[in-house]
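> Got a predicted structure here, sequence first:
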4 protein chains.
Amino acid sequence: MSDFVPKSENYIQLVQKAFDQQGFMKHLGVEIADIRPGYCELHLPYKKELDQHHGYFHGGVIGSLADVSGGFAGFSLLPEGKAMLTVEYKLNIIAPGEGDYLKGVGRVVKAGHTLTVTEIDVFGVSGGKEVQCATAIQTLMCVDS
Amino acid sequence: MSDFVPKSENYIQLVQKAFDQQGFMKHLGVEIADIRPGYCELHLPYKKELDQHHGYFHGGVIGSLADVSGGFAGFSLLPEGKAMLTVEYKLNIIAPGEGDYLKGVGRVVKAGHTLTVTEIDVFGVSGGKEVQCATAIQTLMCVDS
Amino acid sequence: MSDFVPKSENYIQLVQKAFDQQGFMKHLGVEIADIRPGYCELHLPYKKELDQHHGYFHGGVIGSLADVSGGFAGFSLLPEGKAMLTVEYKLNIIAPGEGDYLKGVGRVVKAGHTLTVTEIDVFGVSGGKEVQCATAIQTLMCVDS
Amino acid sequence: MSDFVPKSENYIQLVQKAFDQQGFMKHLGVEIADIRPGYCELHLPYKKELDQHHGYFHGGVIGSLADVSGGFAGFSLLPEGKAMLTVEYKLNIIAPGEGDYLKGVGRVVKAGHTLTVTEIDVFGVSGGKEVQCATAIQTLMCVDS
């Protein structure tokens, strides 16, 4: 990650601003935990509304967190005035999403002129102990915002 | 779809019951529109809480609807006492998710003993006019419920 | 498919020419069976060199055929002087690839300015009878050739 | 990877034996470079028959190498008498596959009773210098061999 140099000095504020404009992130309760160049960590505390029938985080919640974690990892490298669109992603759920909160970690693998590829891991965190629940690869496209 | 024979006579009730147990579906506002053997159509009316920064349905919402549309398409073919887990899915977003509601359509491609594969299309519907916004392939695993 | 209008009158020759330049297609033995705007059908006759341990077509062969079937479906819609790069694809193998030949069918789902999305089905054909062995989604990017 | 304990003492021989039975691997020219529990590294020297129109390794070759690298990473953890089937994989090509040889590295992320998930990276190697050309996620299923 140390290889990535942000194109905007205030990339953290740009990420926060774009994040705040997404009604769905507020609806879920997602919080930004860490933003670095090409890296984004998001947390999502458990609440009853986010579960599936066994009381775990719903797969759709895990997928949403993965998508956005990767999206803002890519967004962190953009110049001002640009935005990231999700072209596609592929997500494997490898364990139930369980715990006090979900932690989504997105990392840029390749930052191209038009397309950016990210890898994402999602963890369930219970009392500080992490269990990985999903892994994903995502393709993003840079567009004018 | 006419090839698929449900293993339970009351598969529609089983789908409805499993659906009703998912807090996240209620939180989003998803409704079952049609269930047939190996087929599931879900609707999700627009509300401000589901958008991203441009006022379209958030990608995470589109992904969640796709995941669940495919999941219940597969679930419709299960015998009583079984459930479907999402192993993985891959989703391409091909247009903004826009309109009065999102329509998710899941179809079973292959129903195996252990694994089921589905294809899913998601549409934005405005005044009766549909525009496809996503296409997906999903792998499900049958487990004891 | 009738919706797609080719940007070049001689799109069939352009596909054939690009296809002939790929050493790997010759090495496998792939043949073009049908090219229409946004559509490509390829055949690959069985030979011992293409199998895995059970005598079926190797998964890598199925994947290669899928990738190229989708790629040329997209290529058929390009103007002269452009080429298609595979950004990514996702392939589910749903049955063993078995028979006299493999048949790959690629169809364009969305032809964008920069990105094109295709869906691909692969079949094993024995004595005229087809059994689907794979389904895939692919993202392509248009570049200068 | 040190977390994975092989279920068979002679897992290296079992991998080699299964590998040797795949006619397609011989046809491509793939060689096993390293096998450890949950890990597989394969090399594929360049030859004219493996290229696409620009003289790079063909995308189908990259995909085949990725598929098999992940497959044998998973296979290395199986008890004798079992085999791995590829359920699905998703591959992003992030740079042209270029160099003296391709190097495929598969790692097991999750080894379940029925399903195994792997992550795979593919590199083009020129004079000892590696450039990553692809990244993939793969789902495998354990079956009786």
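That came through, no problem. Numbers count the residues shown, from 1 in each chain, chains lettered A, B, ... in the order given.
> Which helix or strand lies directly C-terminal to the helix or strand of chain A with the lowest mean pLDDT?
In chain A, no helix or strand scores lower on mean pLDDT, DSSP states H and E than helix A:23-28, which sits at a mean of 90. Downstream of helix A:23-28, the next assigned helix or strand under DSSP states H and E is strand A:31-36.
> partners of that next one, with directions?
Here strand A:31-36 is paired, per DSSP bridges, with strand A:39-45 (antiparallel).
> And the contacts of the strand it pairs with?
A:1, A:15, A:28-35, A:50, A:57, A:61, A:65, A:68-73, A:75-76, A:100-108 (C-beta atoms under 8 Å, 6 or more residues apart in numbering or on different chains). Glycine gets a C-beta too; all of them are placed from N, C-alpha and C.
> State the mean pLDDT of it.
Averaging pLDDT along strand A:39-45 gives 98.
> Check which residues of it are buried.
A:39-44 (16 or more other C-beta atoms under 10 Å in any protein chain shown).
> rewinding a little: separate out the buried members of the contacts of strand A:39-45.
Using 16+ other C-beta under 10 Å, the buried ones in these are A:15, A:28, A:30, A:32, A:35, A:50, A:57, A:61, A:65, A:68-73, A:75-76, A:101-108.
> Take those residues and keep only those in strands.
Among these, DSSP state E puts A:32, A:35, A:101-108 in strands.
> unless I'm mixing things up, residue A:78 is touching residue A:84, no?
Yes - counting by C-beta atoms under 8 Å, residue A:84 is a contact partner of residue A:78 at 6.7 Å.
> between the longest helix seen in chain A and strand A:31-36, how many degrees?
Identified as the longest helix of chain A according to DSSP state H is helix A:59-75. Counting by axes from the mean of the first three to the mean of the last three C-alpha atoms, to 10 degrees, helix A:59-75 lies at 30 degrees to strand A:31-36.
> Report whether helix A:59-75 contacts chain B.
Yes - Helix A:59-75 is in contact with chain B by C-beta under 8 Å from any C-beta of the partner chain, via A:59-61, A:63-65, A:67-68, A:71.
> next helix or strand past that helix?
Following helix A:59-75 toward the C-terminus (DSSP H and E): strand A:82-93.
> what separates the longest strand seen in chain A from the chain centre, distance-wise?
Looking across chain A with DSSP E, the single longest strand is strand A:129-144. Centroid separation between strand A:129-144 and its chain, computed with C-alpha atoms, centre = their mean, to the nearest Å, is 6 Å.
> Tell me the helices and strands packed up against that strand.
Other elements packing on strand A:129-144 under the criterion 3 or more C-beta pairs under 8 Å, 6 or more residues apart in numbering or on different chains; DSSP states H and E are helix A:59-75, strand A:82-93, strand A:101-111, strand A:115-126, strand C:82-93, strand D:82-93, strand D:101-111, strand D:129-144.
> Now the second one: buried residues?
Meaning strand A:82-93. Neighbour-count burial for strand A:82-93 [16+ other C-beta under 10 Å]: A:83-93.
> Low-confidence ranges, chain A, go.
For chain A, the stretches with pLDDT under 70 are A:1-2.
> The same query, at a cut-off of 80, please.
For chain A, the stretches flagged by pLDDT under 80 are A:1-2, A:53-55.
> Now residue A:124: closest residue in space that isn't a chain neighbour?
residue A:99 (3.7 Å; C-beta to C-beta, 6 or more residues apart in numbering or on different chains).
> That neighbour is in what secondary structure piece?
Here residue A:99 is assigned to no helix or strand, by DSSP H and E.
> if I read this right, it contacts residue A:131, doesn't it?
Yes - the pair residue A:99 / residue A:131 is scored as a contact, 7.3 Å apart, by C-beta under 8 Å.
> Among these two, which residue is more densely surrounded?
Between residue A:99 and residue A:131, residue A:99 has the larger neighbour count (other C-beta atoms under 10 Å in any protein chain shown), namely 21 against 14.
> I'd like the distance between the more buried one and chain C.
Per C-beta to the nearest C-beta, to the nearest Å, residue A:99 is found 29 Å from chain C.
> For that residue, which residues are in contact?
So residue A:99 contacts A:46, A:124-126, A:131 (C-beta under 8 Å, 6+ apart).
> which of these count as buried?
A:46, A:124-125.
> which parts of chain A sit against chain C?
A:87-88, A:90, A:114-115, A:137, A:139, A:141.
> How far does stretch A:27-34 stretch from one end to the other?
End-to-end distance of stretch A:27-34 (C-alpha to C-alpha, to the nearest Å): 20 Å.
> which outside residues touch it?
A:15-16, A:19, A:40-45, A:47, A:50, A:61, A:64-65, A:68, A:72, A:103, B:27, B:49-50, B:60.
> what's residue A:72 in contact with, if anything?
Per C-beta under 8 Å, 6+ apart, neighbours of residue A:72: A:15, A:18-19, A:32, A:35, A:40, A:42, A:84, A:106.
> which one of the residues you listed is nearest residue A:5?
residue A:35 (14.6 Å; C-beta to C-beta).
> The closest one is in contact with residue A:13, isn't it?
No - applying C-beta under 8 Å as the test, residue A:35 and residue A:13 come out as separate, 9.7 Å apart.
> how about the residues of chain A that lie near chain D?
Selection of chain A residues close to chain D by C-beta under 8 Å from any C-beta yields A:90, A:92, A:94-95, A:109-110, A:112, A:117, A:119, A:132, A:135-137, A:139.
> For those, which PyMOL command selects only the ones that are buried?
In PyMOL syntax, the buried subset of the residues of chain A next to chain D is picked out as below (16+ other C-beta under 10 Å):
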select buried, chain A and resi 90+92+94+109+110+117+119+132+135+136+137+139
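> tell me the two of the residues of chain A next to chain D that are most distant?
A:95 and A:112 (31.9 Å).
> and the closest residue to residue A:21 other than its chain neighbours, how many neighbours?
Spatial nearest neighbour of residue A:21, chain neighbours left out: residue B:53 (3.7 Å); criterion: C-beta to C-beta, 6+ apart. By other C-beta under 10 Å, 17 other residues sit near residue B:53.
> show me the contacts for residue B:53.
Here residue B:53 is in contact with A:18, A:21-22, A:83 (criterion: C-beta under 8 Å, 6+ apart).
> quick one on the thing from earlier: intersection of neighbour lists for residue A:99 and residue A:131?
A:124-125.
> related to what we said a few turns ago, need the helices and strands packed on strand A:129-144 in a markdown table with distance to residue B:6, can you?
Shown next, in a markdown table, are the helices and strands packed on strand A:129-144 (distance: least, C-beta to C-beta, whole Å):
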| stretch | distance to residue B:6 |
| --- | --- |
| helix A:59-75 | 23 |
| strand A:82-93 | 25 |
| strand A:101-111 | 34 |
| strand A:115-126 | 33 |
| strand C:82-93 | 23 |
| strand D:82-93 | 24 |
| strand D:101-111 | 32 |
| strand D:129-144 | 25 |
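> Tell me which of those sits nearest to residue C:145.
strand C:82-93 (3.6 Å).
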